[in-house]
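J.: output the structure for:
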Amino acid sequence: MSNEKLIIIPTYNEKENVERIVRKVMALDSDFHVLVIDDGSPDGTAQIVKALQAGFRHRLHLIERNGKQGLGTAYLTGFKWALEHEYQYVFEMDADFSHNPDDLLRLHEAAANGADVVIGSRYSNGISVVNWPISRVLMSYFASKYVRFVLGMKVCDTTAGFICYRRRILEKIDLDHIHMKGYGFQIEMKYTAYKLDGRLQEIPIIFIDRKEGTSKMSGGIFGEAFWGVIKLRFRTIKRKTGA
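T.: Residues are numbered from 1 along each chain as shown. Next comes the predicted model:
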């Protein structure tokens, strides 16, 4: 199947990275397709992607949105697009090379061998984070510990954003009822898949903080996740009607 594997890359002001990440993914020894979802970047990110599309016909796609609408809504838009276009494996990946594109092959292999959600994990084999200040490492690490404690989900890196979802688990999730928008979205998606009997597997990766561009991290993102996890604990997760 020509449209088997889709990588969703949300962007906002990623002109320093977007061409390099697209070319790197396209050069991998596998037929990956890429969907860039750009939230109205004023730096011309979308225009760079459009210029690249001529060289990657049928493999590079672009959705432009008006203004910053949040990481979660970008991925939800991408998931729905992927399902409509019959992709079997759907990936989340950052544009800034904090996720090594070479690791896409490892995530896909684990999914092809039966995992429904494959998580590129920073914490399943110690702490594998490069170039973050220690305060941010500790905040992220203990956030995952907190989520694991509250939700009982045996995942070491609950806020990870380098993931492969199999089509069959995305079809079970009612994407219109995923509520969190920031990094809480990552927790909510994993927990929903877990509650729907999805098989979750972690693959250790080395996460390297961006060298180009500006981080989108904020304290409010973690605040949403903190309180959202408590709400998740008491919510009934239902399978999508008809799935």
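J.: and the residue positioned nearest the centre of the chain, what's its pLDDT?
T.: Per Cα atoms, centre = their mean, the C-alpha nearest to the average position across the chain is that of Glu92, at 2.9 Å. Listed pLDDT for Glu92 reads 98.
J.: and if you look at Gly223?
T.: pLDDT recorded at Gly223 is 68.
J.: pretty sure the residue nearest to the centre of the chain sits against Leu170.
T.: No: with contact defined as Cβ atoms under 8 Å, Glu92 does not reach Leu170; the gap is 11.5 Å. Glycine gets a C-beta too; all of them are placed from N, C-alpha and C.
J.: still on that earlier bit, who does the residue nearest to the centre of the chain form a beta bridge with?
T.: When assigned by DSSP bridges, Glu92 has beta-bridge partners Ile8, Ile163.
J.: and the helices in the protein?
T.: For the chain, applying DSSP state H gives helices covering 18-26, 45-53, 71-84, 104-112, 134-151, 167-170, 184-195, 219-233.
J.: grab the CA positions of stretch 42-59 and hand them over as PDB.
T.: Below are the C-alpha coordinates for stretch 42-59, written out as PDB (Å, rounded to 0.1, in the frame of the first residue of the first chain):
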ATOM      1  CA  PRO A  42       4.400  34.500  10.200                       C
ATOM      2  CA  ASP A  43       8.000  33.400   9.300                       C
ATOM      3  CA  GLY A  44       6.900  31.600   6.100                       C
ATOM      4  CA  THR A  45       7.100  28.000   7.200                       C
ATOM      5  CA  ALA A  46       4.100  27.000   5.100                       C
ATOM      6  CA  GLN A  47       5.600  28.700   2.000                       C
ATOM      7  CA  ILE A  48       8.800  26.600   2.400                       C
ATOM      8  CA  VAL A  49       6.600  23.400   2.600                       C
ATOM      9  CA  LYS A  50       4.700  24.400  -0.600                       C
ATOM     10  CA  ALA A  51       8.000  24.900  -2.400                       C
ATOM     11  CA  LEU A  52       9.100  21.400  -1.400                       C
ATOM     12  CA  GLN A  53       5.900  19.700  -2.500                       C
ATOM     13  CA  ALA A  54       6.800  19.800  -6.200                       C
ATOM     14  CA  GLY A  55       9.800  17.500  -5.400                       C
ATOM     15  CA  PHE A  56       7.800  15.100  -3.200                       C
ATOM     16  CA  ARG A  57       4.500  14.700  -5.100                       C
ATOM     17  CA  HIS A  58       1.900  12.600  -3.300                       C
ATOM     18  CA  ARG A  59       4.200  12.200  -0.200                       C
END
